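[1] Pasting a predicted model and its sequence here:
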Amino acid sequence: MGGLPNFKVLVLRSNKFGGNISLPSPTKLPFPELQVLDISQNAFVGSLPDRYFNNFRAMIEEKKRNDPILNFDDMGYRQFVNIIVTLKGQDQLLNRLLEAFTTMDLSSNSFSGTIPPSIGNLKILKYLNLSHNTLTGHIPSSLGSMSELESLDLSTNKLDGEIPSELTRLTFLAKLNLSMNNLVGQIPQTNQFSTFENDSYMGNWGLCGAPLTVKCDNGTTLQPEEEGDDEYEFIDGFCWRSIVMGYGSGFVVGIGIGYMIIRSGRPTWLVNSFLELVINIGRRRRNSASKRKRIV
C-alpha cells in the first residue's frame, strides 16, 4: 500500500493486526500523499515508524496547485471525508474537507521507545494521538513546530521530564491530554495552555502549578501573603503555646512546693497563714449552710 502514489486515507482501526511497522520495506518513499492514518486499537509493536514520518509529504507541507479550476470528478473526490477521531477518550465522527484535513492516530497499541523528533516535521498535521502505548522518554520539543495542530493526546504512556515550553507555540491547540504519565515540573501558563483544565494533566504526580492545586517550590504559583500574616503566625504558632506551657509548669511546680511546705511545717508563718485561710473558708461555708437551713 505504501507504493500507491495517490493513496490518501488509510483506516485500519479496531482490528487484530500486529507486527512491527518500523521494519524496512522495499518501498523507498512510502505513502507520499497520505493525509489520514488510523491504525488505533490493534496490536502493533516496536518503535514508532520514523521512516514514515520523514516521508508523509501531505502532512509536512501544503500541496501547491497550479490549476485553480478543478474538474467535477476531481472536486467530488476531494470534497468531504467522514472520519472517527478519538478526543480525550471519546470517539467523535467528523465530517471534514479532505483537502485541508490531516490526522494520525496510533493509539491503543503496544508501541515502545521514545517519540522521534522527526514527528515535528509534520507541520500541517491537525490531530495527533499516541495515547495508550508504552512510550518512554521526554516529550520532544520539536512538537512545537507543528503549527497547525489542533489536538494532541499523549496520555497513558510512560513519558517523563518537563512539558516543553515550545508547545506554547501551538496557538491552534484546542484539545490537550498529557494525563497518566510521569511528567514533572511546572505547567506552562502562556497562550493555549492557560485554557486547559485539570483532566489534561491528572496522573502526573510531579507536575505543579495552575490548573492543578499543587503549588511549585519556586514560588511562582504561591498566593501572596496578606499583611499581618507573619505577626499572626507568630502569635498563633508560638505565644499561646508558651503561655499554656508556662501556666501548666507553674501549676505543677506550685502544687509540689505547697505539698513540701505543709509536710515539713516550714516556714512556720507561711504554714500558719495557709491553715488560718483554710479554717476561715470552712467557717464561711458552714455559716452559709446554716442560714440556708433556717430559711427553709
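    Thanks, I have the structure now. Numbers count the residues shown, from 1 in each chain.

[2] thought residue 190 was touching residue 167?
    No - with contact defined as CB atoms under 8 Å, residue 190 does not reach residue 167; the gap is 10.0 Å. Backbone N, C-alpha and C define where each C-beta goes, glycine included.

[3] okay, those two: which has more neighbours?
    Between residue 190 and residue 167, residue 167 has the larger neighbour count (other CB atoms under 10 Å), namely 21 against 9.

[4] do you know how far the nearest residue to the more buried one once chain neighbours are set aside is from residue 111?
    Once flanking residues are discounted, residue 167 sits nearest to residue 144: 5.4 Å by CB to CB, 6 or more residues apart in numbering. Distance of residue 144 to residue 111, computed by CB to CB, to the nearest Å: 22 Å.

[5] And those two? Which one has more around it.
    residue 111 (23 against 17).

[6] Assign that one to helix, strand or coil.
    strand (DSSP: H, G, I helix; E, B strand; the rest coil).

[7] and it, bridged to which residues?
    On the basis of DSSP bridges, residue 111 is bridged to residue 46.

[8] my guess is it contacts residue 135, does it?
    Yes - when contacts are counted by CB under 8 Å, residue 111 is listed as touching residue 135 (6.3 Å).

[9] what residues are shared contacts of the two?
    residue 48 (CB atoms under 8 Å, 6 or more residues apart in numbering).

[10] Counting neighbours, what do you get for residue 18?
    Residue 18: 12 surrounding residues under other CB under 10 Å.

[11] For the stretch 151-296 of the chain, just list every one of the helices.
    229-234, 240-264, 268-295 (DSSP state H, counting those that start in this stretch).

[12] which element is residue 41 on?
    Residue 41 belongs to no helix or strand when assigned by DSSP states H and E.

[13] How much space separates the nearest residue to residue 121 once chain neighbours are set aside from residue 120?
    Once flanking residues are discounted, residue 121 sits nearest to residue 60: 5.5 Å by CB to CB, 6+ apart. Taking CB to CB as the measure, residue 60 falls 10 Å from residue 120.

[14] Then residue 205?
    Here residue 205 is placed at a distance of 27 Å from residue 120 (CB to CB).

[15] what about the two, which has more around it?
    residue 120 (18 against 10).

[16] Give me the residue ranges of the protein where confidence is low.
    The model of the chain has pLDDT under 70 over residues 63-79, 81, 83, 87-89, 94-97, 218-275, 277-278, 282, 285-296.

[17] What ranges does the stretch 1-150 of the chain have for its strands?
    Counting by DSSP state E, counting those that start in this stretch, the segments of the stretch 1-150 of the chain that form strands are 9-11, 18-20, 36-38, 43-46, 81-87, 90-96, 103-105, 110-114, 127-129, 134-138.

[18] Of all the ones you listed, which one is nearest residue 160?
    Closest approach to residue 160 among the strands of the stretch 1-150 of the chain (CB to CB): strand 134-138, 6.6 Å.

[19] Tell me the buried residues in that closest one?
    residue 135 (16 or more other CB atoms under 10 Å).

[20] Outside of that strand itself, which residues are in contact with it?
    The contact list for strand 134-138 (CB under 8 Å, 6+ apart) reads 48, 110-115, 154, 157-162, 164.

[21] Please identify which of those is nearest to residue 9.
    Residue 9 lies nearest to residue 48 out of the contacts of strand 134-138, by CB to CB, at 20.2 Å.

[22] Verify the stated contact: that closest one with residue 111.
    Yes - the pair residue 48 and residue 111 qualifies as a contact (CB under 8 Å) at a distance of 5.6 Å.

[23] what residues are shared contacts of these two?
    The contact sets of residue 48 and residue 111 overlap at 130, 135 (CB under 8 Å, 6+ apart).

[24] quick revisit: which pair in the contacts of strand 134-138 has the greatest spatial separation?
    Spanning the widest gap among the contacts of strand 134-138 are 110 and 162, at 26.1 Å by CB to CB.

[25] if we can go back for a sec, format the strands of the stretch 1-150 of the chain as CSV; extra columns: distance to residue 212.
    Shown next, in CSV, are these (distance: least, CB to CB, whole Å):
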stretch, distance to residue 212
strand 9-11, 36
strand 18-20, 37
strand 36-38, 32
strand 43-46, 33
strand 81-87, 21
strand 90-96, 22
strand 103-105, 27
strand 110-114, 26
strand 127-129, 23
strand 134-138, 20
